[in-house]
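Participant: Give me the fold of what follows.
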Amino acid sequence: MALTGIFTGLGVEAFQSLLRSVSMGKLRTYQLFERVKARAGLTKLNSENLRKAAPRLWSRLEQGEEEVAQDLAQAILVSNLEMIAAVLDFLGIPHEDGFFAKEMDASPYLGEGWQQRVFEQFKEQYPEPALLFYVNHLGWELQRQEQLFRPAAA
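Facilitator: Okay, here's the model as predicted:
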């Protein structure tokens, strides 16, 4: 599955929610501000302009523009590092403030049903779109998962 597939699979409402979670301060801290601004085609990047660009960005994701998906994913992830660190701690994955080695063998940490367990553990603490995006991104990044995770009905 392509990264654009995670965005489009979660839907436009989740995408809009994810864009609202982006922190301009975090983008500056992690030196992503100018990259996201350029990728979004904005002359001025702020929360309001990013939200207004959502329909254009969504269209680009639907067209399969992986570069857009990668930059937006990074922006969303660095803006939700507290949640990421909590999920990685819950799974026992070694990390430094939410960042782990890119070539890590995650198989010992991601056993059968890990996504549902993570969702159940954190669904009350974090916004569902951010949590589902991260669970799917983690599966895509560490396991090259091909199917979008959707939580089982309780």
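Participant: Which segments of the chain make up each domain?
Facilitator: Domain assignment for the chain, taken from automatic domain parsing, gives 3-78, 81-143.
Participant: Between its first and last residues, how far does the last one reach?
Facilitator: I take that to be domain 81-143. 20 Å (CA to CA, to the nearest Å).
Participant: Check the first one too.
Facilitator: The straight-line separation of the ends of domain 3-78 (CA to CA) is 16 Å.
Participant: Would you mind listing where this structure has pLDDT under the threshold?
Facilitator: Across the chain, the ranges flagged by pLDDT under 70 are 153-154.
Participant: buried set for the longest helix seen in the chain?
Facilitator: Secondary structure of the chain per DSSP state H: the longest helix is helix 128-143. Neighbour-count burial for helix 128-143, counted by 16 or more other CB atoms under 10 Å, picks out 129-142. C-beta: built from backbone N, CA, C; applies to glycine.
Participant: which other helices and strands contact it?
Facilitator: Packing contacts for helix 128-143, counted by 3 or more CB pairs under 8 Å, 6 or more residues apart in numbering; DSSP states H and E, involve helix 3-10, helix 12-20, helix 66-78, helix 81-91, helix 114-122.
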